[in-house]
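Novice: what's the 3D shape of this:
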Amino acid sequence: MPVLHLDTAKNWRGGQNQVYLMTQGLKAQDITSYFAVPQGAYSVDKFGEVGEVFTYKTWGLPHFFQARKIAAFAKEKKITLIDAHSSHAHSLALAIKKWYPEVHIVVHRRVDNKPRMNFFSRRKYLSRNISQFIAISHAIKKVLVGVGVEEEKISVACSAVRETQIRPEEKQRARELLRKRLNLSPETVVLSCAAAFTLQKGQWVLLEALKILTERMDLPNWHCVFAGDGELLDEMKRFSHALALDNKVTFLGFINKVPELLMASDVFVLPSINEGLGTIILDAIFAGNAVVASEVGGIPEMIKNDETGLLAPVEDERSLAHQLSLVILDSELRSRLASQARSHACSAFSLEAMVAGNLAIYRKIDPSL
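Specialist: Alright, predicted model coming up:
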């Protein structure tokens, strides 16, 4: 039976990758996936590997026009359930239901920021036309309950990434290639941060922490590599230069081969200001990294402090610098954290569990699936 996955983003980030991985798993369970995405979206080709893609125009058009066309497509394909994968998709799905009242709506909530509950937001989040919310972490469920969504209308199905097995020689080769590329000594401890340059990801906090680390004379040589693009990239480059970090930091910009960077790294850092879950952390864990991250949102569901990684309070550059100094100084600590994190990720964040969890929610709403 078919499900329509509704997305409104033109770029490709963690949420789009989660939809891709989930629908691959659903395909193996004989669930047919359709996709409705904006024209020109990066996801058109990727989602096309899993199912049929319907594209709609976004420029200058209100939801009314988009919803009518998507509803006609859903009726034609006999789609019984729409999964909205973003806040804008949530709004669009409610508009679609006006044209196609028989369809069921589930809303994936992937961010942990509290919605502004004005008149329109209350109608949106408390709508009777939403059959179920799917929160990707327990932290997000708590946020939804806090704005008035009935607890029984919220299910938790944690996101996941594909588990990878990296041979020691592969990691060593990646380490050697990156160090050669950046002209770093073989013993340099490499920190990496792969994330879009937005206010949410908090790269300036990491830069401030790195400045503090430059004042430590007892640390072995280290270097931090940033990967990603976004509205704040140029500003962060200027900030890094102002902090005199030119010799300790490299900005790679957007890269397609993030897994190779993670394999070449010793420590992955995510200084987010808010984070629904942060599945890039799981990618880093499977690449053999020790993780240092903000104690915010769904991150503590993956990273237990001093067990599967190290946590620092949000926007606390001194605490972040302290945690980073521990893993830079102690290779045995890095190994222990990386090993324990992998065991936890394999048991709690498997693709099989994510697919099964989402499918169980779908079938709860529509038993025909």
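Novice: hang on, residue 190 in a helix?
Specialist: No. With DSSP: H, G, I helix; E, B strand; the rest coil as the criterion, residue 190 is assigned strand and is not in a helix.
Novice: distance of it from residue 265?
Specialist: Distance of residue 190 to residue 265, computed by Cβ to Cβ, to the nearest Å: 5 Å. From N, CA and C alone the C-beta is placed, and that goes for glycine too.
Novice: can you check residue 189 too?
Specialist: Distance from residue 189 to residue 265, by Cβ to Cβ: 9 Å.
Novice: More neighbours: the two, which one.
Specialist: residue 265 (26 against 20; other Cβ atoms under 10 Å).
Novice: got a list of what that one touches?
Specialist: Counting by Cβ atoms under 8 Å, 6 or more residues apart in numbering, residue 265 touches 178, 190-192, 225, 284, 287, 289.
Novice: okay but residue 303 is in contact with residue 296, surely?
Specialist: No. Residue 303 lies out of contact with residue 296 (Cβ atoms under 8 Å); the separation is 10.6 Å.
Novice: Would you mind pulling up the elements that the helix or strand where residue 69 lies packs against?
Specialist: In the assignment (DSSP states H and E), residue 69 maps to helix 63-76. Here helix 63-76 touches strand 2-6, strand 32-38, strand 52-56, helix 87-99, going by 3 or more Cβ pairs under 8 Å, 6 or more residues apart in numbering; DSSP states H and E.
Novice: could you point out which element follows the lengthiest helix in the chain?
Specialist: Assignment by DSSP state H gives helix 331-348 as the longest helix of the chain. Next helix or strand after helix 331-348 toward the C-terminus (DSSP H and E): helix 351-365.
Novice: residues in contact with that next one?
Specialist: Here helix 351-365 makes contact (Cβ under 8 Å, 6+ apart) with 3, 18, 21-22, 25-26, 28-29, 31, 81, 83, 104, 106, 131-132, 134, 155-163, 369.
Novice: Also stretch 226-240?
Specialist: 192-199, 201, 203-204, 207, 246, 249-255, 258, 261.
Novice: mean confidence for the host helix or strand of residue 319?
Specialist: In this structure, residue 319 is located in helix 317-329 according to DSSP H and E. Helix 317-329 carries an average pLDDT of 98.
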